[in-house]
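Peer 1: Here is my input; please provide its structure:
(one chain, ligands or ions: 1)
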Amino acid sequence: MTIRHPEKINKPVNPVKKKPYWIRSKLTNSKEFFLTKTIVNQNNLITVCQEANCPNITECWSKRHATFMIMGDTCTRGCAFCDVKTGKPGKLDPLEPFKISSTVKKLNLKHAVITSVDRDDLDDGGANHFYEVILETKINNPETTIEVLTPDFLRKGESYKKVIDAGPDVFNHNIETVPGLYRQVRPGSRYFASLDLLKNVKKINKNIFTKSGLMVGLGENKYEILQVMDDLRSAEVDFLTIGQYLQPSVKHHPLNRYYHPDEFKELEIMAKSKGFLLVSSSPLTRSSYHADEDFAKLQKNRVNQTNAKSIS
Ligand code: SF4
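Peer 2: Numbers count the residues shown, from 1 in each chain. Model prediction:
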């Protein structure tokens, strides 16, 4: 049996706390859910929905909304919150851009979300592969908008610019947690490098919506969350998602606490007051949750904002 997280073998055992009543996945085993599953399997694709054990999978797949994970199922980082398998990844699949592109067509997606594992083993961190996947998907699906959720491309120079060159509609990179918890939660990453990536995307192409996500329940306090919001706004991030951290196993970072839905509402109000174009904040919010509907809202809010500016 292969060990899913070899770097966590010697970590302490942190019992998983019982979930409160408001954290319940919807059980909708619809025909559409099985159709999505069949199409994903037939095309040998990997999804973050399955790999990260996402609680929203039945709901999302019932709407044919699957988030593709490219460049394999094995991540080169060992984040303490994440359930994606870690280790030494295999070679890139040169046919993957075509597989993704044809699956987007089969699923008839209006908005496709593409993410990846971290590929620190590649000179460009996988930026060129992202480029190929986005381009091929666009060629085959000219009406489909594309959202990418990328790694940080840390120590890969300006390779991230290749992803911007492909012209995604939304560029998402998750900040994940507050800076004070990076050493425990995201040891291979750097808070200010993630912020810089988001800032640079906006600097290079103002038309691309930028997006970032924060998990709560890892041990942060309210003032640290507010600071992250301010930092993201300084980087001109358009869209913030806030969701509850769910501890995947006893070897993962210990859950500090479950936030009540009212607290998520409060965070949403605070984030909106800081000027984000859109905020999604709820216990089950994930970066790609409702991404298609949220993209339409982003477009509408941008038009309204531009109109308001031209009047004032
Ligand atoms: S929220 Fe995202 S990762 Fe989770 S099932 Fe939906 S699309 Fe997949």
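Peer 1: and Gly126, how many neighbours does it have?
Peer 2: 28 (other CB atoms under 10 Å). C-beta coordinates here come from the backbone N, C-alpha and C atoms, glycine included.
Peer 1: show me what contacts it?
Peer 2: Residues near Gly126 by CB atoms under 8 Å, 6 or more residues apart in numbering: Ile70, Met71, Leu92, Ser116, Arg119, Pro151.
Peer 1: got it, and Val178?
Peer 2: Glu220, Glu224, Ile225, Gln227, Val228.
Peer 1: Which residue ranges of the chain form helices?
Peer 2: Under the criterion DSSP state H, helices of the chain are mapped to 31-42, 48-51, 57-61, 96-107, 127-140, 160-165, 182-185, 191-204, 222-234, 261-273, 291-311.
Peer 1: Adding distance to the ligand, mean neighbour count and mean pLDDT, write those out as a markdown table.
Peer 2: Shown next, in a markdown table, are the helices of the chain (distance: least, CB to the nearest ligand atom, whole Å; neighbours: other CB atoms under 10 Å; pLDDT from 0 to 100):
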| stretch | distance to the ligand | mean neighbour count | mean pLDDT |
| --- | --- | --- | --- |
| helix 31-42 | 10 | 15 | 94 |
| helix 48-51 | 3 | 22 | 94 |
| helix 57-61 | 3 | 21 | 93 |
| helix 96-107 | 12 | 19 | 97 |
| helix 127-140 | 16 | 21 | 98 |
| helix 160-165 | 19 | 20 | 98 |
| helix 182-185 | 19 | 16 | 98 |
| helix 191-204 | 20 | 18 | 98 |
| helix 222-234 | 20 | 16 | 98 |
| helix 261-273 | 16 | 16 | 98 |
| helix 291-311 | 7 | 14 | 93 |
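Peer 1: Format those helices as CSV; extra columns: distance to Ser282.
Peer 2: Listed next are the helices of the chain as CSV, based on distance: least, CB to CB, whole Å:
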stretch, distance to Ser282
helix 31-42, 21
helix 48-51, 18
helix 57-61, 13
helix 96-107, 25
helix 127-140, 29
helix 160-165, 28
helix 182-185, 21
helix 191-204, 22
helix 222-234, 15
helix 261-273, 5
helix 291-311, 12
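Peer 1: Among the ones you listed, which comes closest to Gln244?
Peer 2: Closest to Gln244 of the helices of the chain is helix 261-273 (CB to CB; 7.9 Å).
Peer 1: Quick check: chain neighbours aside, which residue is closest to Ala291?
Peer 2: Val113 (5.0 Å; CB to CB, 6 or more residues apart in numbering).
Peer 1: quick one: contacts for the closest residue to Trp61 other than its chain neighbours?
Peer 2: Leaving aside its sequence neighbours, Trp61 sits nearest to Thr36 (CB to CB, 6+ apart; 4.2 Å). Contacts for Thr36 (CB under 8 Å, 6+ apart) come out as Trp61, Ser62, Arg64, His65, Ala66, Leu107.
Peer 1: If we use 7 Å, what do you get?
Peer 2: Trp61, Arg64, Ala66, Leu107 (CB atoms under 7 Å, 6 or more residues apart in numbering).
Peer 1: Among these, which one sits closest to Val163?
Peer 2: Nearest to Val163 out of the contacts of Thr36 is Ala66 (CB to CB; 20.6 Å).
Peer 1: and Asn14, what is it in contact with?
Peer 2: Gln247, Val250, Pro254.
Peer 1: How many neighbouring residues does the residue lying closest to the first one once chain neighbours are set aside have?
Peer 2: By that I understand Gln247. Using CB to CB, 6+ apart and skipping the chain neighbours, the partner closest in space to Gln247 is Leu255 (4.3 Å). Neighbours of Leu255 under the rule other CB under 10 Å: 19.
Peer 1: Look up how far Pro94 lies from Leu255.
Peer 2: From Leu255 over to Pro94 the distance is 40 Å, taken as CB to CB, to the nearest Å.
Peer 1: Next one, pLDDT for whichever residue of the stretch 201-312 of the chain sits closest to the ligand please.
Peer 2: Nearest residue of the stretch 201-312 of the chain to the ligand: Ser288, at 3.2 Å (CB to the nearest ligand atom). Ser288 is assigned 94 on the pLDDT scale.
Peer 1: Tell me if I'm right that it and Thr67 touch.
Peer 2: Yes - contact criterion CB atoms under 7 Å: Ser288 and Thr67 qualify, at 4.3 Å.
Peer 1: higher neighbour count, the two?
Peer 2: Neighbour tally, Ser288 and Thr67, criterion other CB under 10 Å: the higher count belongs to Ser288, 28 against 24.
Peer 1: quick one, phi psi at that one?
Peer 2: phi -100, psi 0 (degrees, to the nearest 10).
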